[in-house]
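**Q** Give me a 3D structure for the following:
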Amino acid sequence: MMRATSMVGTLTCLLLVAACSSPAHQDGNAAPAGSPEPTTSAVTTGSPIPPPISPSSTSPSSTPSARPSSTATRPTSLVLGPNGIGSLKLGMTRQEATGTGLLRAFASNTGGCTPSYLRAARSEEGAVLLSSTLGIATIDAYEGIKTPEGARIGMSSAEMLRIYPAWTAADGDATNGRGFAKTPGNSKAVYRIETIKGKVVQLTLQYANQDCYE
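**A** As a prediction, the model looks like this:
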């Protein structure tokens, strides 16, 4: 009887030792002692944040700059002065006159004065005559071009006479005719001015001794 009691006590003691040495049970996925605590990422409630939008690879098209109009206009700011018009001067050779860029091609030489026309003028306006002895001998204005004193095609005969009171008729009179006015600043040239029905219809700068007509 004494032996059975001793064995029961020994068993009990062994069970107690085993229970004490076993790790305590923990709920969940507990980490072993001494291990760092796992980090948990924050969970955002609601709609997920959309990924960042990458910049567009194509830049916005810029507004095209306005293109200049291709329609050529007749320059009316040129002045038919005592020596010429723009860079075209009385007395220039054919090569010099062509080099100004103001003239169309000269016509074929017909034996007299060779005609050309101001490039900006309409057809058959702005005639220019090249003399074989004088060079550029006459230059016609077209409508809109003025002399330094203000004479122009389309003005009245009375206005023309106020500008050039010394205008002298060579044929007809100031109402219907043609005549000449001195050009201030060039004693070798004159303005040939023709009128019809009280209006100036032709205005020409020319050498006084030109040999192309009349």
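
**Q** Strands along this structure, start to end?
**A** Using DSSP state E, the strands of the chain run over residues 84-85, 88-89, 114-117, 127-131, 135-140, 168-172, 177-182, 189-196, 199-207.

**Q** Next, format the ones you listed as CSV and append mean neighbour count, distance to Ala151 and mean pLDDT.
**A** Glycine gets a C-beta too; all of them are placed from N, C-alpha and C. Formatted as CSV, the strands of the chain follow (neighbours: other CB atoms under 10 Å; distance: least, CB to CB, whole Å; pLDDT from 0 to 100):
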stretch, mean neighbour count, distance to Ala151, mean pLDDT
strand 84-85, 22, 14, 98
strand 88-89, 20, 19, 98
strand 114-117, 19, 21, 96
strand 127-131, 22, 18, 97
strand 135-140, 23, 13, 98
strand 168-172, 12, 15, 96
strand 177-182, 18, 8, 97
strand 189-196, 22, 7, 98
strand 199-207, 20, 6, 98
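
**Q** Make a markdown table from these and add distance to Arg162 to it.
**A** Shown next, in a markdown table, are the strands of the chain (distance: least, CB to CB, whole Å):
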| stretch | distance to Arg162 |
| --- | --- |
| strand 84-85 | 23 |
| strand 88-89 | 28 |
| strand 114-117 | 30 |
| strand 127-131 | 27 |
| strand 135-140 | 23 |
| strand 168-172 | 16 |
| strand 177-182 | 12 |
| strand 189-196 | 13 |
| strand 199-207 | 12 |
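
**Q** Nearest to Glu214, out of the ones you listed?
**A** strand 168-172 (8.0 Å; CB to CB).

**Q** Against which helices or strands is the closest one packed?
**A** strand 177-182 (3 or more CB pairs under 8 Å, 6 or more residues apart in numbering; DSSP states H and E).

**Q** The strand it packs on vs strand 168-172, what angle?
**A** Inter-element angle recorded for strand 177-182 and strand 168-172: 170 degrees (by axes from the mean of the first three to the mean of the last three CA atoms, to 10 degrees).

**Q** Helices of this protein, start to end?
**A** 2-21, 94-99, 157-163 (DSSP state H).

**Q** what's the last one packed up against?
**A** Meaning helix 157-163. Checking 3+ CB pairs under 8 Å, 6+ apart, helix 157-163 ends up next to strand 189-196, strand 199-207.
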